[in-house]
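Chemist: what shape does this take:
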Amino acid sequence: MASTDARPVPKKNTAYRHYFSIRKNDGTLITTWAGQDSELSADGGNFADATNEATEIQTSGIGYIDLTAGEMNYDCVVLKVTVTNTDALPYVVTLFPEEAGDIRTNVTQYAGSTAAATNGYPLVDVYYMAGGSFYMDSGYFVVNPATVNAANIKQIDDVGVPSDGSGYLYVLAYDDSGSSLATAAALATADGVIDNVWGVVSNLNDTIEDNGGTYRFTTAALAQAPSGETAVTITPLQSSTINSGRQNTAYLTAYQHATFSDMIAVTDNDDNAVNLSGVALTFLAWDPDDTSTIILNLSTAAGDISVGGASNNQVTIAGDATDTGTAYTRLRWRLIGTSNDTQYAHGYLDIEAMADIPS
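Modeler: Reported below is the predicted structural model:
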């Protein structure tokens, strides 16, 4: 218990020194107290002796009593002090130990200026904080590590958009000597560089796809074969087998009810032969208006596709009359390496109608 326990508003569960005076029935002070009896009622309970007794200051008629933290750990404490002096009136006071939520506030001014708020939160423009650790400089929030331990700076969450509409929070860093490490102009330049990089990176969404934890070029990206990148192109050869039809670049033609055989030479972007020895290949064709059904499905496993030539890059695709039983206009086709998940060629295939052969 100490004089420092005195405060304008008593706090709950905190020691408290209370000053008071005792008067006669005529209103004058009772001096030289005798027979003091100090009692407390907590939250409407029975009165009981206080831990400490009231003490008079000299013979002034004014004194104090020290209440313990336990005695103040209630919502309402009634203190009654009596003395045995003639004509003395009892001293009675009701205390309401304060805790969070007891006192409602309605702030209307800060330092003499009208307080601005929205939705119950104050609107604050920060210009300076004591010690020069944080302050505003030309509209930027400045942190000076000469007076701030960087280890104590954790993070900034939910930063609002500045009034200048830039959408960025700028922090100017200083070294130990107070010299600026980055100016607003430098940061603006860096911001432009970041925007340019992001423009390039965002385009990769159309170029690279996730393949179960690894990444690969999309089919569309490979088909476009951009300059300077590794991709495969098609060098078509004129078909040499009877009933094979004709072949132009990426366009194949077969005839209804007829066998066909076409040869394609596969090279890379530099016209180098792509060695397809040992690669399991599949030739797929489908109607672009109905992608749910594969019209032709030919493969090396079924003996429909063979690889030859000096460089093992000449692919022969063969189909029989059952494969061309129905006429189609402009099928899409692709030659795919099923053993290495690679597309080697693609284009269009027409199966031209012919009269049914009489039985």
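
Chemist: wait, residue 76 touches residue 96, no?
Modeler: Yes. Judged on CB atoms under 8 Å, residue 76 makes contact with residue 96 at a distance of 5.9 Å. For every residue, glycine as well, the C-beta is placed using N, CA and C.

Chemist: can you show me the helices along this protein?
Modeler: Here the chain has its helices, by DSSP state H, at 184-203, 219-224.

Chemist: neighbours around the residue lying closest to residue 327 once chain neighbours are set aside, how many?
Modeler: In space, and not counting its chain neighbours, residue 327 is closest to residue 353: 3.7 Å by CB to CB, 6 or more residues apart in numbering. With neighbours defined by other CB atoms under 10 Å, the count for residue 353 comes to 13.

Chemist: how about residue 10?
Modeler: With neighbours defined by other CB under 10 Å, the count for residue 10 comes to 19.

Chemist: quick check: pLDDT value at it.
Modeler: What the model reports for residue 10 is a pLDDT of 95.

Chemist: and it, what does it touch?
Modeler: Contact partners of residue 10, counting by CB atoms under 8 Å, 6 or more residues apart in numbering, are 16, 18, 72, 95-98.

Chemist: ok, of those, which one's closest to residue 64?
Modeler: In terms of CB to CB, no member of these lies closer to residue 64 than residue 18, at 6.3 Å.

Chemist: from memory that closest one sits against residue 97, does it?
Modeler: No. Assessed by CB under 8 Å, residue 18 is found out of contact with residue 97, at 11.4 Å.

Chemist: what is the least confident helix or strand in this structure?
Modeler: Ranking every helix and strand in the chain by mean pLDDT, DSSP states H and E puts strand 247-248 at the bottom, with a mean of 33.

Chemist: how close does the nearest residue to residue 321 once chain neighbours are set aside sit to residue 331?
Modeler: Leaving aside its chain neighbours, residue 321 sits nearest to residue 257 (5.2 Å; criterion: CB to CB, 6+ apart). For residue 257, the distance to residue 331 (CB to CB, to the nearest Å) stands at 16 Å.

Chemist: identify the bridge partners of residue 316.
Modeler: Residues in a beta bridge with residue 316, per DSSP bridges, are residue 263, residue 306.

Chemist: residue 255 now?
Modeler: Assessed by DSSP bridges, residue 255 has beta-bridge partners residue 352.

Chemist: that one contacts residue 328, doesn't it?
Modeler: No. With contact defined as CB under 8 Å, residue 255 does not count as touching residue 328 (11.6 Å).

Chemist: list residues touching both of the two?
Modeler: Taking CB under 8 Å, 6+ apart as the criterion, residue 255 and residue 328 both touch residue 351.

Chemist: which parts of stretch 8-21 are buried?
Modeler: Within stretch 8-21, the residues that count as buried by 16 or more other CB atoms under 10 Å are 10, 12, 14-18.

Chemist: any stretches of the protein with poor pLDDT?
Modeler: Residues of the chain that meet the criterion pLDDT under 70 lie in 1, 124-191, 198-199, 201-202, 205, 213, 219-250, 329, 354-359.

Chemist: and the strands in the stretch 251-359 of the chain?
Modeler: 251-255, 260-268, 281-287, 290-299, 305-308, 314-319, 328-337, 342-352 (DSSP state E, counting those that start in this stretch).

Chemist: got CSV for those, with mean neighbour count and distance to residue 212 too?
Modeler: Below are the strands of the stretch 251-359 of the chain laid out as CSV (neighbours: other CB atoms under 10 Å; distance: least, CB to CB, whole Å):
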stretch, mean neighbour count, distance to residue 212
strand 251-255, 20, 33
strand 260-268, 20, 26
strand 281-287, 20, 20
strand 290-299, 13, 23
strand 305-308, 16, 27
strand 314-319, 21, 28
strand 328-337, 17, 17
strand 342-352, 19, 16
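
Chemist: which one of these lies nearest to residue 24?
Modeler: strand 290-299 (106.0 Å).

Chemist: okay, now the sheet partners of the closest one, with direction.
Modeler: Strand pairing for strand 290-299, determined by DSSP bridges: strand 281-287 (antiparallel).
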